[in-house]
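S.K.: The amino acid sequence is not available; the structure is as follows:
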């Protein structure tokens, strides 16, 4: 790792959160405890380390486009419903951040002027420069693309140094196999984008991984709910798996 690639030198990151990571234990809805914990972690990282933080949030705790398509719904229609779900999560996360004293803005690729700002790259960068956390909802604004791809795209657009992909359900990195199924699965400390693709490892979807590889964007896969993990990563500690 070169000096510029070290987490100690990262000045701007995109935090990718799945909707399920914010959900109740059932996997649906929203957990106020999880929202508070995540918001506190983000606020402390922003205040103590001065790193710009943008967040791309999914919507799987409310709706998944693939599920709708699997039930016979038009996939584009199902995906638009999923985009709306990400805005719901973004608003909830904004409320949690404001409660712990962190100024934030929700920006969405699907315009909803009554509840959030439209996503405009230069405006997002300006919010970050002013110390605000920017929550990027609505995916890419296009059907057929996941929020993983949205995270990769936004990271390139705002010139983020890395993507931090927070996992849930106790998985704390990238493993040789699913550790919840295979007890012999071992965790990688570091792996290349190309090896993730060639080994078929489920880190992010293949479009997102390929985009990150082409644009030289490192990804840290870590346990979102591990206490202090976000700050530890940004201090340069070995947490989770570094893809890059």
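M.R.: Looks like it came in fine. None of these values were measured; they are calculated from a predicted model. Numbers count the residues shown, from 1 in each chain.

S.K.: Could you measure from residue 228 over to residue 165?
M.R.: 17 Å (CB to CB, to the nearest Å). (Glycine included, C-beta is placed from N, CA and C.)

S.K.: who's more crowded, the two?
M.R.: With neighbours defined as other CB atoms under 10 Å, residue 228 and residue 165 compare such that residue 165 has more, 26 against 13.

S.K.: From residue 133, how far off is the residue at the greatest distance from the centre of the chain?
M.R.: What lies farthest from the middle of the chain is residue 72; by CA atoms, centre = their mean that is 28.6 Å. For residue 72, the distance to residue 133 (CB to CB) stands at 39 Å.

S.K.: and if you look at residue 77?
M.R.: Distance of residue 77 to residue 133, computed by CB to CB: 31 Å.

S.K.: Which one of those two is surrounded by more residues?
M.R.: When residue 77 and residue 133 are compared for neighbours, residue 133 comes out ahead with 25 against 13, by other CB under 10 Å.

S.K.: There's contact between the more buried one and residue 55 in this structure, I believe.
M.R.: Yes. Applying CB atoms under 8 Å, one finds residue 133 in contact with residue 55, separated by 6.5 Å.

S.K.: who touches both of the two?
M.R.: residue 42 (CB atoms under 8 Å, 6 or more residues apart in numbering).

S.K.: I'd like the average pLDDT over the helix or strand containing residue 78.
M.R.: Using DSSP states H and E, residue 78 sits in helix 75-99. For helix 75-99, the mean pLDDT works out to 96.

S.K.: Could you spell out the sheet neighbours of whichever helix or strand comes after it, each with its direction?
M.R.: Going down the chain from helix 75-99, the next helix or strand is strand 104-108, by DSSP H and E. In the sheet, strand 104-108 lines up against strand 117-118 (parallel), strand 133-137 (parallel) (DSSP bridges).

S.K.: Can you say which of these is nearest to residue 110?
M.R.: strand 133-137 (8.0 Å; CB to CB).

S.K.: Same question for the helix or strand just after that closest one: list its buried residues.
M.R.: Next along the chain after strand 133-137, taking DSSP H and E as the criterion, comes helix 147-157. Residues 147, 148, 149, 150, 151, 152, 153, 154, 155, 156, 157 are the ones in helix 147-157 that count as buried (16 or more other CB atoms under 10 Å).

S.K.: who does helix 147-157 touch, helix- and strand-wise?
M.R.: Helix 147-157 sits against strand 12-17, strand 52-57, strand 162-167, helix 206-214, with contacts defined as 3 or more CB pairs under 8 Å, 6 or more residues apart in numbering; DSSP states H and E.

S.K.: re the thing from before, got the angle between the helix holding residue 78 and strand 52-57?
M.R.: Angle, helix 75-99 to strand 52-57, by axes from the mean of the first three to the mean of the last three CA atoms, to 10 degrees: 140 degrees.
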